[in-house]
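Visitor: this is a predicted model, with the sequence first.
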Amino acid sequence: MTTFHVLGFPRVGAKRELKFAQERYWRKELDEQDLLDLAKALREKNWKHQADANADFVAVGDFTFYDHILDLQVATGAIPARFGFDSQNLTLDQYFQLARGNKEQFAIEMTKWFDTNYHYLVPEFQKTTEFKANPAHYVQQIREAKALGLKFKPVIVGPLTFLWLGKEKGEAFNRFDLLNKLVPVYVDILNALAAEGAEWIQIDEPALALDLPKEWVEAYKAVYATFAEKVNAKVLLATYFGSVAEHAELLKGLAVDGLHLDLIRAPEQLAVFEDYSKVLSAGVIDGRNIWRANLNKVLDVVEPLKAKLGDRLWIAPSCSLLHTPFDLSVETQLQAKNPALYSWLAFTLQKVDELRVIKTALEQGRAAVKAELDASQAAADARANSKEIHRPDVAARLASLPADADKRKSPFAERIKLQNAWLNLPLLPTTNIGSFPQTTEIRHARASFKKGDLSLADYEAAMKKEIEYVVRRQEELDLDVLVHGEAERNDMVEYFGELLDGFAFTKFGWVQSYGSRCVKPPVIYGDVVRPEPMTVRWSQYAQSLTQKVMKGMLTGPVTILQWSFVRNDIPRSTVCKQIGVALSDEVLDLEKAGIKVIQIDEPAIREGLPLKRSDWDAYLQWAGEAFRLSYMGVQDDTQIHTHMCYSEFNDILPAIAGLDADVITIETSRSDMELLTAFGDFKYPNDIGPGVYDIHSPRVPKAEEIEHLLRKALKVVPKERLWVNPDCGLKTRGWAETIAQLEVMVEVTKKLRAELA
């Protein structure tokens with residue numbers, strides 16, 4: 001027998017049912033019981049898909065209403081004390097307030113989950129933090145699975161990863177010192193799961209793929225020895241997102257009953273663990289990307305393992321499948337438009353079925369699944385030999401770029417004088433990051449246009465009406481550098497992918513970014529080219545409506561790469577540079593059209609960092625080059641902005657400065673300008689716009705809150721180089737709160753200008 005299991009499943013539903021129900025609940029259009037009932041139905045569907053594919057365990061506890069790390073904060077009693085909530089009796093409304101903020105408290109900080117585009121809510125630990133077990137979240141899901149007669153495996157993030165992902169708040173201390181208080185609470189939680197009949201518990205420790213301090217690594221021995229002694233269930237320790245080969249000696253001796261390895265991200269580590277003496281879970285199907293596996297090649301890896309390990313071999317995806325869309329079979333439009341590409345893809349349900357085929361082949365031989373293996377091989381061969389993917393002109397253009405193609409003509413100190421001369425902006429210039437609210441009218445017009453119910457002329461007229469509305473509201477607010485609001489854009493990456501060659505799109509390929517926010521990543525399957533201008537006419541139209549400066553808005557090459565499903569047949573660095581060169585054509589066309597302030601957003605540059613520091617320099621070199629290529633050839637008086645959010649930049653500030661953007665805007669409000677201090681200490685050389693309020697919350701900030709943040713900013717950034725802006729784009733907000741928020745921002749800015757003049 002070969003055990004087949006998954007590490008986690010998408011949570012939002014095949015058609016984003018959870019997202020829409022959550023948002024209706026927040027608008028008070030849906031009552032709590034209806035939301036709970038829908039969530040229960042989604043969990044049951046997920047489990048049924050796993051069981052129908054002959055999985056030996058269904059994953060439970062992985063479902064969440066917002067974020068699995070927030071659930072763990074509740075389960076361990078570690079919710080932020082500043083909210084004043086009781087973690088043992090937390091209501092659903094209070095749970096959402098932790099994630100979204102309320103009138104009194106800002107939301108828990110968000111940041112990227114390792115190097116993915118999923119955001120988790122960062123635990124806030126204090127020296128006085130006391131933990132208390134509340135396993136209800138996990139117990140409830142176990143009981144539901146048991147009621148359906150399913151064999152289950154609870155999933156929970158481990159204590160060391162949980163602590164590592166948090167931040168110290170208040171009085172200075174080391175959060176590692178909380179471990180001894182946290183472990184007994186974990187024992188209580190795990191035993192509660194065991195008492196419900198859990199034979200195996202999956203404890204995720206992806207932090208092992210990072211460069212952990214020595215004391216953290218050594219702590220694994222004592223923590224898991226405690227679990228082995230005191231927990232009445234078997235433990236599968238799950239690692240993923242990178243190699244843990246350097247910890248092989250530790251892991252082989254660890255007091256656990258099994259170990260999961262990510263053999264997609266780090267296939268080379270298998271050689272170190274082939275002699276592992278316990279259960280070895282092989283992550284052989286990609287949980288992060290949408291390419292169909294070559295099942296014969298997978299079997300070439302796992303058949304020898306099966307011969308060595310026998311029943312101790314488990315097979316699984318590389319990580320949780322929450323990073324992949326739900327079901328390829330509903331993509332009938334893609335299948336009709338590009339049947340070859342369709343045949344190369346696999347979403348969550350297809351990946352689960354690939355594991356079914358592998359399990360069957362291991363137990364009954366390849367002949368038992370010959371048809372499936374032949375189809376898999378045919379798809380792999382067709383993709384490898386496709387002439388649609390490779391464009392010689394793209395390779396030739398990259399190869400012929402001059403050595404200094406990614407360098408500005410003059411240094412910043414000279415450029416900024418030319419830019420300031422024509423911009424003529426006041427002290428502390430105000431701007432918005434890019435998007436304004438995507439209203440029901442905008443979404444309806446876009447949907448009607450895509451369905452063919454609205455003509456191109458009528459659609460463009462509707463978008464122009466929205467753009468004019470945005471421009472007029474910004475003028476009334478007296479913002480200094482305006483944006484057109486991006487009414488015509490569905491998503492900051494998808495929009496550009498639709499206009500670039502080498503990209504394809506799904507209709508239902510949604511993945512969760514955070515909470516109810518879902519994104520539909522493009523599929524980069526071929527060489528990238530910009531066939532025609534993408535944004536110029538929209539920016540030109542917006543500029544025609546106002547005498548104020550209009551900022552052009554583009555998404556940068558690294559972010560387009562990171563937020564897409566990327567081809568895996570050439571290096572990511574090559575794909576990124578292709579995108580950068582394609583974007584440079586757009587930048588130069590904007591410049592020719594009179595749009596001489598251009599923002600190239602790169603919120604994903606940090607998340608692209610390899611997990612191991614030893615690999616950082618190579619990544620930062622090609623990522624920086626790709627970004628600079630995106631504005632190659634611009635004049636010195638053209639001002640290049642970039643925006644980055646929800647990332648820590650302290651340890652890569654030289655690389656951020658090396659992007660040589662004239663203005664960088666960053667998210668800082670949730671962290672109380674903590675990030676800006678690092679920019680000040682580094683003496684960041686160019687202009688900076690730290691976000692002064694959190695756009696992910698509907699609350700209107702108080703004037704004193706924004707003033708507090710700006711005064712902190714003025715202590716580390718010279719007033720001549722400080723910009724004022726929200727944390728991020730305003731796409732997800734409503735107009736009433738947007739106007740109210742920006743009014744406070746402008747009011748405080750004008751007060752400080754008068755004081756500083």
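Guide: Ah, there it is.
Visitor: strands along the stretch 651-757 of the chain, start to end?
Guide: Applying DSSP state E, counting those that start in this stretch to the stretch 651-757 of the chain gives strands spanning 663-666, 687-690.
Visitor: got CSV for these, with distance to Gln269 too?
Guide: Glycine gets a C-beta too; all of them are placed from N, C-alpha and C. Formatted as CSV, these follow (distance: least, CB to CB, whole Å):
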stretch, distance to Gln269
strand 663-666, 35
strand 687-690, 40
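Visitor: of those, which is nearest Gln562?
Guide: Proximity to Gln562 (CB to CB) singles out strand 663-666 among the strands of the stretch 651-757 of the chain, at 17.1 Å.
Visitor: what's next to that closest one, contact-wise?
Guide: With CB atoms under 8 Å, 6 or more residues apart in numbering as the test, strand 663-666 has contacts from 431, 433, 599, 639-645, 649, 656, 675-676, 679, 684, 686-691, 723, 725.
Visitor: hmm, try it at 6 Å
Guide: His641, Thr642, His643, Met644, Asp687, Ile688, Gly689, Pro690, Asn725 (CB atoms under 6 Å, 6 or more residues apart in numbering).
Visitor: closest to Glu466 out of the strands of the stretch 651-757 of the chain?
Guide: Glu466 lies closest to strand 663-666 among the strands of the stretch 651-757 of the chain, at 23.1 Å (CB to CB).
Visitor: list the buried residues for stretch 408-423?
Guide: Neighbour counts over stretch 408-423 (16 or more other CB atoms under 10 Å) mark Arg408, Phe412, Arg415, Ile416, Gln419, Leu423 as buried.
Visitor: and the two most separated of the residues you listed?
Guide: The farthest-apart pair in those, when distances are taken by CB to CB, is Arg408 and Leu423, at 17.2 Å.
Visitor: confirm that Leu36 sits in a strand.
Guide: No. Per DSSP: H, G, I helix; E, B strand; the rest coil, Leu36 lies outside any strand segment and is helix.
Visitor: report pLDDT for it.
Guide: For Leu36, the model assigns a pLDDT of 98.
Visitor: do the same with Asp672
Guide: 72.
Visitor: number of nearby residues for it?
Guide: By other CB atoms under 10 Å, 16 other residues sit near Asp672.
Visitor: contacting residues around it?
Guide: Not one residue lies near Asp672 by CB under 6 Å, 6+ apart.
Visitor: turn the contacts of strand 663-666 into a markdown table, columns for neighbour count and pLDDT.
Guide: Output for the contacts of strand 663-666, formatted as a markdown table (neighbours: other CB atoms under 10 Å; pLDDT from 0 to 100):
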| residue | neighbour count | pLDDT |
| --- | --- | --- |
| His641 | 27 | 97 |
| Thr642 | 27 | 96 |
| His643 | 27 | 94 |
| Met644 | 23 | 89 |
| Asp687 | 23 | 95 |
| Ile688 | 21 | 93 |
| Gly689 | 26 | 93 |
| Pro690 | 25 | 89 |
| Asn725 | 26 | 94 |
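Visitor: tell me the one of those residues nearest Arg265?
Guide: Looking at those and their distance to Arg265, the nearest is Met644, at 24.4 Å (CB to CB).
Visitor: quickly list what the closest one is bridged to.
Guide: Note on Met644: beta-bridge partners by DSSP bridges are Ile666.
Visitor: tell me who's in contact with it.
Guide: Shown in contact with Met644 (CB under 6 Å, 6+ apart): Glu602, Pro603, Ile666.
Visitor: so where's the chain uncertain?
Guide: For the chain, the stretches with pLDDT under 70 are 646-647.
Visitor: most neighbours of all the contacts of Met644, which one?
Guide: Busiest of the contacts of Met644 [other CB under 10 Å] is Glu602, holding 29 neighbours.
Visitor: ok, for that residue, nearest residue in space, not its chain neighbours?
Guide: In space, and not counting its chain neighbours, Glu602 is closest to Gly556: 4.0 Å by CB to CB, 6 or more residues apart in numbering.
Visitor: give me the contacts around stretch 404-413.
Guide: Glu625, Arg628, Leu629, Met632, Asp636, Asp660, Asn686.
Visitor: just the C-alphas of it, formatted as PDB.
Guide: Taking C-alpha atoms only, stretch 404-413 is exported to PDB below (Å, rounded to 0.1, in the frame of the first residue of the first chain):
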ATOM      1  CA  ASP A 404      24.400  49.900 -19.900                       C
ATOM      2  CA  ALA A 405      20.800  49.500 -21.200                       C
ATOM      3  CA  ASP A 406      19.500  49.400 -17.700                       C
ATOM      4  CA  LYS A 407      21.200  52.700 -16.500                       C
ATOM      5  CA  ARG A 408      19.700  56.200 -16.400                       C
ATOM      6  CA  LYS A 409      21.500  58.900 -18.300                       C
ATOM      7  CA  SER A 410      22.300  60.900 -15.200                       C
ATOM      8  CA  PRO A 411      22.400  60.300 -11.400                       C
ATOM      9  CA  PHE A 412      19.400  61.100  -9.200                       C
ATOM     10  CA  ALA A 413      20.800  64.300  -7.800                       C
END
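Visitor: any idea how far the residue nearest to Leu90 when sequence neighbours are not counted lies from Pro135?
Guide: Nearest residue to Leu90 in three dimensions, chain neighbours excluded: Val74, at 5.8 Å (CB to CB, 6+ apart). Using CB to CB, to the nearest Å, Val74 is found at 10 Å from Pro135.
Visitor: neighbour-wise, which of the two wins?
Guide: Set Val74 next to Pro135 and count neighbours by other CB under 10 Å: Pro135 wins out with 23 against 19.
Visitor: just give me the residue closest to the centre of this structure.
Guide: Nearest to the mean C-alpha position of the chain, by CA atoms, centre = their mean, lies Asn117 at 1.5 Å.
Visitor: check contacts around the closest residue to that one other than its chain neighbours.
Guide: With CB to CB, 6+ apart as the criterion, Asn117 has its nearest non-adjacent residue at 5.6 Å, and that residue is Trp563. Residues in contact with Trp563 (CB under 6 Å, 6+ apart) are Asn117, Val493, Pro521, Ala604.
Visitor: any chance of a markdown table for those residues, columns distance to Glu460 and secondary structure?
Guide: Converted to a markdown table, the contacts of Trp563 look like this (distance: CB to CB, whole Å; DSSP: H, G, I helix; E, B strand; the rest coil):
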| residue | distance to Glu460 | secondary structure |
| --- | --- | --- |
| Asn117 | 31 | coil |
| Val493 | 22 | coil |
| Pro521 | 26 | coil |
| Ala604 | 30 | coil |
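Visitor: now, the most widely separated pair of these?
Guide: The span of those, defined through CB to CB, is set by Pro521 and Ala604 at 11.3 Å.
Visitor: settle it for me: which of those two has more neighbours?
Guide: Neighbour tally, Pro521 and Ala604, criterion other CB under 10 Å: the higher count belongs to Pro521, 27 against 24.
Visitor: quick one: the more buried one and Ile442, what's the gap?
Guide: On the measure of CB to CB, Pro521 and Ile442 end up 21 Å apart.
Visitor: much appreciated, bye for now.
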